[in-house]
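J.: model this:
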Amino acid sequence: MIVANYFDAIIIGGSYAGLSAAMALGRSLRNVLVIDSGLPCNRQTPHSHNFITQDGETPFAISKKAKEQVMKYPTVHFRSDLAFGAVKDQEGFAVMTKSGDRFVGRKLIVATGIKDEIPPIKGFAECWGISVIHCPYCHGYEFHSQRTAILANGDRAFHLASLVSNLTDDLAIMTAGTPTFTADQLVRLKRRTIPVVHAGIKEIMHKEGHVEGILFDDGNQLAFRAIYAAIPFTQHSDIAVSLGCELTEQGHIKVDNFQHTTVGGVYACGDNTSPLRSVANAVAAGNFTGAVVNKVLAEEEF
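T.: Below is the predicted model of the structure:
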């Protein structure tokens, strides 16, 4: 139960990074509010990997256990709601929610993640996070030695090919348009016998989210068991930008070595700040951010 509307820190986003930050602060007896809308980006992913002690567990189970543990700390409060706006005032940061509440925190931690821009390819959304995947470290082992496609172009496709070629010898790149590789990249792809297909993609053929192949605009088909896709993203929330926080060229929230944004008193952690999208990285970043914010609060009070 929330008994006040003023907190040492408000954390927007209650997934892995946000909950990890809340635990670090709660263990320092900081009065913390976590606001979360309940829509994590990996909600369709069946299993989380490359996270020691949790390898193979479902994202939901990890999040559920994390929340149960964090909420054992009496100074941490959780509100299931959507934070849609925030402003800086004399007391700190006022955060408004969809339900009409207004909370104020001395410091603000933005752990809202990112939102993938799913391309309008039939079957893509149904497979995303299951067999159409983004990260060899998170999902690659489960598809090793299987027929694999990379849906990307240029440097991004070449980077993925270099990583995925260590997992399977049966690999092809789908550019869905004119290839943009350098001459050297094409030579190296040819040397590894990785074909480049530029035909437009009409459909990802699948069964209950498990890829079976790709249907091209020209009617041809190729069988695959997994597809790595490099797709664009946007920030899941525009709160950081509305406060004046700068973004990187890639679209992440710009932070320094202490997870501090370009706006005083605003911190950010998790997928919204880093190209390394993993549960383990989000947890580590959140834990560090919580410790940093506690240090700043302590220095202001001491």
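J.: stretch 199-219: how far from the chain's middle?
T.: 25 Å (CA atoms, centre = their mean, to the nearest Å).
J.: same question for stretch 104-114.
T.: 16 Å.
J.: with stretch 87-100 instead?
T.: Counting by CA atoms, centre = their mean, stretch 87-100 is centred 25 Å from the centre of its parent chain.
J.: got it, and stretch 207-220?
T.: 26 Å.
J.: endpoints of that stretch, how far apart?
T.: Start-to-end span of stretch 207-220 (CA to CA, to the nearest Å) is 19 Å.
J.: so what touches that stretch?
T.: Contacts to stretch 207-220, defined as CB atoms under 8 Å, 6 or more residues apart in numbering, come from residues 44, 126-127, 130-132, 149, 174, 197, 199-206, 221-227. Using the backbone N, CA and C atoms, a C-beta is placed for each residue, glycine as well.
J.: let's see it at 6 Å
T.: Residues outside stretch 207-220 that contact it (CB atoms under 6 Å, 6 or more residues apart in numbering) are 126-127, 130-131, 199-203, 205-206, 221-224, 227.
J.: and which of those is nearest residue 73?
T.: Set against residue 73, the nearest of those by CB to CB is residue 130 (34.5 Å).
J.: what's that closest one sitting at in phi/psi?
T.: phi -110, psi -60 (degrees, to the nearest 10).
J.: contacting residues for it?
T.: Per CB under 6 Å, 6+ apart, neighbours of residue 130: residue 209.
J.: re earlier: of the contacts of stretch 207-220, keep whichever come out buried.
T.: 126, 127, 130, 131, 199, 201, 202, 205, 206, 222, 224, 227 (16 or more other CB atoms under 10 Å).
J.: from residue 46, how far off is the third one?
T.: Translated: residue 130. Residue 130 sits 6 Å away from residue 46, going by CB to CB, to the nearest Å.
J.: how about the fourth one?
T.: Using CB to CB, one gets 10 Å for the distance from residue 131 to residue 46.
J.: and the first one, by the same measure?
T.: Here the distance between residue 126 and residue 46 works out to 13 Å (CB to CB).
J.: the last one too?
T.: Taken as CB to CB, the spacing of residue 227 relative to residue 46 amounts to 16 Å.
J.: one more: residue 269?
T.: Taken as CB to CB, the span from residue 269 to residue 46 is 25 Å.
J.: now swap in residue 223 and tell me
T.: Distance of residue 223 to residue 46, given as CB to CB: 22 Å.
J.: which SSE is residue 68 in?
T.: Residue 68 belongs to helix 59-70 when assigned by DSSP states H and E.
J.: for that helix, which positions count as buried?
T.: By neighbour count on 16+ other CB under 10 Å, the buried set for helix 59-70 is 59, 62, 63, 66, 67, 70.
J.: ok, now stretch 70-82?
T.: Buried residues in stretch 70-82 (16+ other CB under 10 Å): 70, 71, 73, 75, 76, 77, 78, 79, 81, 82.
J.: for the third one, give me its contacts.
T.: Contacts for residue 73 were tallied using CB under 6 Å, 6+ apart; they are residue 26.
J.: what about it, which helix or strand?
T.: Secondary structure (DSSP H and E) places residue 73 outside all helices and strands.
J.: quick check: it vs residue 149, distance?
T.: Remark: distance between residue 73 and residue 149 (CB to CB) = 45 Å.
J.: who's more crowded, residue 269 and residue 46?
T.: Taking neighbours as other CB atoms under 10 Å, residue 269 and residue 46 compare with residue 269 leading, 32 against 15.
J.: would you check that the more buried one makes contact with residue 16?
T.: No: applying CB atoms under 6 Å as the test, residue 269 and residue 16 come out as separate, 9.6 Å apart.
J.: strands along the stretch 1-150 of the chain, start to end?
T.: 6-12, 32-36, 76-80, 83-89, 92-97, 102-110, 114-116, 132-133, 148-151 (DSSP state E, counting those that start in this stretch).
J.: ok, longest helix in the chain?
T.: When the chain is scanned for its longest helix (criterion: DSSP state H), the result is helix 279-301.
J.: and it, how far out from the chain middle?
T.: 19 Å.
J.: which secondary structure elements does that helix contact?
T.: Contacting helix 279-301 under the criterion 3 or more CB pairs under 6 Å, 6 or more residues apart in numbering; DSSP states H and E are the following elements: helix 16-26.
J.: now the helix it packs on: how far from the chain's centre is it?
T.: Distance, centroid of helix 16-26 to centroid of chain: 16 Å (CA atoms, centre = their mean).
J.: residues in contact with that helix?
T.: Residues outside helix 16-26 that contact it (CB under 6 Å, 6+ apart) are 9, 11, 32, 34, 66, 70, 73, 75-76, 109, 111, 269-270, 279, 282-283, 285-287, 289-291, 294.
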